[in-house]
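[1] pasting a predicted model and its sequence here:
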Amino acid sequence: MGKTSASQGPGARPDPVRSFNRWKKKHSHKQSQKKQLRKQLKKPEWQVEREVISRLMQNFEKINVNEITRFSDFPLSKKTLKGLQEAQYRLVTEIQKQTIGLALRGKDVLGAAKTGSGKTLAFLVPVLEGLYRLQWTSADGLGALIISPTRELAYQTFEVLRKVGKNHDFSAGLIIGGKDLKHEAERINNINILVCTPGRLLQHMDETICFHATNLQMLVLDEADRILDMGFADTMNAIIENLPKKRQTLLFSATQTKSVKDLARLSLKNPEYVWVHEKAKYSTPATLEQNYIVCELQQKISVLYSFLRSHLKKKSIVFFSSCKEVQYLYRVFCRLRPGISILALHGRQQQMRRMEVYDEFVGKRAAVLFATDLAARGLDFPAVNWVLQFDCPEDANTYIHRAGRTARYKEDGEALLILLPSEEKGMVQQLLQKKVPVKEIKINPEKLTDIQKKLESLLAQDQDLKERAQRGIEPVSLAVEAWSLNHWTAREVLKCFVSYIRSVYLMKDKEIFDVSKLPIPEYALSLGLAVAPRVRFLQRMQKQPNKELVVSQDNKVIEPRTLSLTSDEVEEFRAYFNEKMSILQKGGKIPEGTEYRLASGISDGEEEEKECEQEMEEKLGKTKGSQPQSVSSNKEPQKNKEVPVQFLDRDDDDDEEDDGLNADFIKVKRRNVFGLDLKENKTLQAPARRNKRDNQGKAPVSWGTCRCTVNMFLHPSLIFVLILMSS
Ligand SMILES: Nc1ncnc2c1ncn2[C@@H]1O[C@H](COP(=O)(O)OP(=O)(O)OP(=O)(O)O)[C@@H](O)[C@H]1O
């Protein structure tokens, strides 16, 4: 029978015929593999890639969300997977798991998830894959547009894109304002993925002739609620109108507000709604411990000082309601030396300074960042232990965003909210309604250091230094410093004082924020002022209690224009200061007893009030963003620039504002793409922007039709070019 010797026993010899057949089969398989490989190698790169892409695309429909735990479970390109792995991203978060698959299939997506849950990658991965799938090249122009509300957030998104997309051949750019427009305009045309803020983007759409978005494939609106909150509804209308209708849109937000729903309804087509934490018990991360304390306004600075003293090894962010508070308290705390590095981030800094501060804070192990709400949304500062809300946020959503700067991506974090007795009931109620679990804790009086005396003595030291200089005990250079310092202190403390009161006054929710309940004289003393300055707008308000506040399109309170302010005292002080400065600079002596009495002479300066007004509009954002022409008219000439401050870093005094405010250039089209209520801007209609360039006689180049040709000639050396427009 045909039994081989091999099957007959262990010692039997193998059947040579069978072995040969097996070898032959293996050999021919190898040969065919080699042949296929040789064939593959002969194919141009783009064709091989196209085959890979079509294999990946076949798997899109098979994506089963329940089986996804890692990025590699998605049918993603090797380039993206490599980028993710190199950046240490392996496991997916819930929002990534639920949205990436939908976005890969080309759906419009509205994604909402808690802060710190990884929304950035949830849109960056589909953006990279979307363009990869189309074999996009630099010659194809702008393929994806990512719009962020603030420069900081755009910068951060750009950095993540750089990391994750570094193996792709696309060019990416960051356009965020605060930079030379011409410099950006020269490069903008070569960008495939553009990360930008709305104001600057619209400016380029208006002014940069070679810039067009006719070939755009994907639009991403990150922090959509914030974009609208900042008054960019008009700007967004104009931008969207200039984008092709046939595109994929992804919209992400940490909070679900009515305006986000409006935006989604009108800018997305048959979107898939992904709200991963909709059914969650709490709307903040489970790893976030949240408490609040109630204390009097005049105690707050001491509470802050004591907090910092007891968290010297931690990384904390302290949120204030205005730039002026940040500026003054930052400088004061630097001089108080609590024993930890202090940094300040606010909208009045120059853009480069803001980026430096951001990088510096990211790089520090222990530090405290004094910030306005500029830093509240979307910014990802790694390893922040504490978020302290020094001033009550305007609403629960702002609270959630601020607190969300800690406890990010599975890390622990703590949030502490300081409330005034008058704010407690309303705010706590709002937070609980929004499913934010806050508990009250009490201040340990033994651990509370009263800083008021220290603050007073600090200011008195300045006064002393000034007087010594006047008597000629100190050299003139020191005298100049003393005058500068004294002048600075006078101005800054006043601005801080007025701007805080104004911030409370402008808050929409009058059940929480009642300016008439503020202990104003005590607050003034706590800031180091000897007496409380008069606050004229309050006095006027008291005289006209029934005067109605104007409510903007987004239901925010705007102070009526009639409340413009004057101050003889500030003018008097300025004249006095300038006169003394010129005497000192000429080497002369100042007669004794002529010094300006800071505390007694100060009132609510017009200049300070106007600057504060400007600042508050930054906070309200929308008034400026949506009323571009009023921005330029509101801008006060910076009188303080005349003051020869010699040793203070004037960087922080720059009136550089956030993109949302720097909007005097914005020319807005009226068509209301989002259908949002824009009634109040009717008078501000700008001449219609040129529509899609071709109306201007400049024919848009349609790369779409010649993509194949482009790919045919695509040389491998045409590799990844990243243009950091800001550097
Ligand atoms: N899959 C992942 N694996 C590891 N870390 C991740 C992953 N996804 C995101 N992260 C990290 O989690 C942090 C938060 O991510 P991201 O900034 O995208 O959150 P977010 O949801 O946009 O937050 P916010 O609403 O506050 O803007 C970042 O530090 C990011 O690097």
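    All right, it came through fine.
[2] residues contacting stretch 441-454, please?
    291-293, 295, 298-299, 301-303, 305-306, 309-310, 336, 525-526, 528 (CB atoms under 8 Å, 6 or more residues apart in numbering). Bear in mind the C-beta positions are built from the backbone N, C-alpha and C, glycine included.
[3] which of those residues count as buried?
    292-293, 295, 298-299, 301-303, 305-306, 309, 336, 525-526, 528 (16 or more other CB atoms under 10 Å).
[4] show me which residues of the protein sit near the ligand.
    89, 91-93, 96, 113, 115-121, 254, 378, 380, 382, 404, 408-409 (CB under 6 Å from any ligand atom).
[5] of these, which belong to helices?
    Of the residues of the chain next to the ligand, the ones assigned to helices by DSSP state H are 96, 119-121.
[6] quick one, what contacts the residue of the stretch 151-300 of the chain at minimum distance from the ligand?
    Closest residue of the stretch 151-300 of the chain to the ligand, CB to the nearest ligand atom: Ala254 (3.7 Å). The contact partners of Ala254, by CB under 8 Å, 6+ apart, come to 112-115, 119, 223, 225, 377-378, 400-401, 404.
[7] kindly recompute the last result at 10 Å.
    When contacts are counted by CB atoms under 10 Å, 6 or more residues apart in numbering, Ala254 is found next to 111-117, 119, 223-226, 260, 277, 283, 377-378, 397, 400-401, 404.
[8] what of Leu379?
    For Leu379, the contact set (CB under 10 Å, 6+ apart) comprises 150, 152-153, 155-156, 317, 345, 358, 361-362, 371, 401, 404-405.
[9] secondary structure element holding Leu250?
    For Leu250, the host element (DSSP states H and E) is strand 248-253.
[10] repeat that for Leu174.
    strand 172-175.
[11] and the buried ones among the contacts of stretch 441-454, which of them are in strands?
    Counting by DSSP state E, these place 292-293 in strands.
[12] of all the buried ones among the contacts of stretch 441-454, which two lie farthest apart?
    Tyr292 and Gly528 (26.3 Å; CB to CB).
[13] can you point out the buried residues in stretch 153-173?
    Neighbour-count burial for stretch 153-173, counted by 16+ other CB under 10 Å, picks out 153-162, 164-165, 167-173.
[14] hmm, I was thinking of stretch 423-437
    Residues of stretch 423-437 classed as buried: 423-424, 426-428, 430-431, 434, 436 (neighbour count, 16+ other CB under 10 Å).
[15] any idea of the mean pLDDT in it?
    Stretch 423-437 carries an average pLDDT of 94.
[16] and it, C-alpha only, in CSV?
    The C-alpha trace of stretch 423-437 is given here as CSV (Å, rounded to 0.1, in the frame of the first residue of the first chain):
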residue,chain,number,x,y,z
GLU,A,423,-22.2,84.8,45.5
GLU,A,424,-22.5,81.6,47.3
LYS,A,425,-26.1,80.6,47.0
GLY,A,426,-26.5,81.4,43.3
MET,A,427,-23.3,80.0,42.1
VAL,A,428,-23.5,76.8,44.1
GLN,A,429,-27.0,76.2,42.8
GLN,A,430,-25.9,76.7,39.3
LEU,A,431,-23.0,74.3,39.7
LEU,A,432,-25.1,71.6,41.1
GLN,A,433,-27.6,72.1,38.3
LYS,A,434,-24.8,71.5,35.9
LYS,A,435,-23.8,68.3,37.7
VAL,A,436,-20.6,69.8,39.2
PRO,A,437,-20.0,68.2,42.6
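[17] picking that back up, tell me which of the contacts of Ala254 fall in strands.
    111-112.
[18] correct me, but Met218 touches Gly143?
    Yes - between Met218 and Gly143 there is a contact under CB atoms under 10 Å: 6.9 Å.
[19] please enumerate the shared neighbours of the two.
    Counting by CB under 10 Å, 6+ apart, the residues touching both Met218 and Gly143 are 127, 130-131, 134, 193, 247.
[20] am I right that Leu343 is in a helix?
    No - if the criterion is DSSP: H, G, I helix; E, B strand; the rest coil, then Leu343 is strand and not within a helix.
[21] that one pairs with what?
    Beta-bridge partners of Leu343, counted by DSSP bridges, are Leu369.
[22] start at 184, not 1
    Sure thing, new numbering starts at 184, so read that last one as Leu526.
[23] that one: what's it in contact with?
    Neighbouring residues of Leu526 by CB under 10 Å, 6+ apart: 500, 513, 517, 539-541, 543-544, 547, 550-554.
[24] mind listing what the strand holding Leu357 pairs with, with the direction of each?
    strand 376-379 (parallel), strand 905-906 (parallel).
[25] mean pLDDT for those strands: which is lowest?
    Across these, strand 905-906 gives the lowest mean pLDDT, at a mean of 32.
[26] thought Arg370 was touching Ser321?
    No - between Arg370 and Ser321 there is no contact under CB under 10 Å: 11.5 Å.
[27] and the helix or strand hosting Glu607, what does it pack onto?
    According to DSSP H and E, Glu607 maps onto helix 604-616. Under the contact definition 3 or more CB pairs under 10 Å, 6 or more residues apart in numbering; DSSP states H and E, helix 604-616 sits against strand 471-477, helix 579-586, strand 596-602, strand 622-623.
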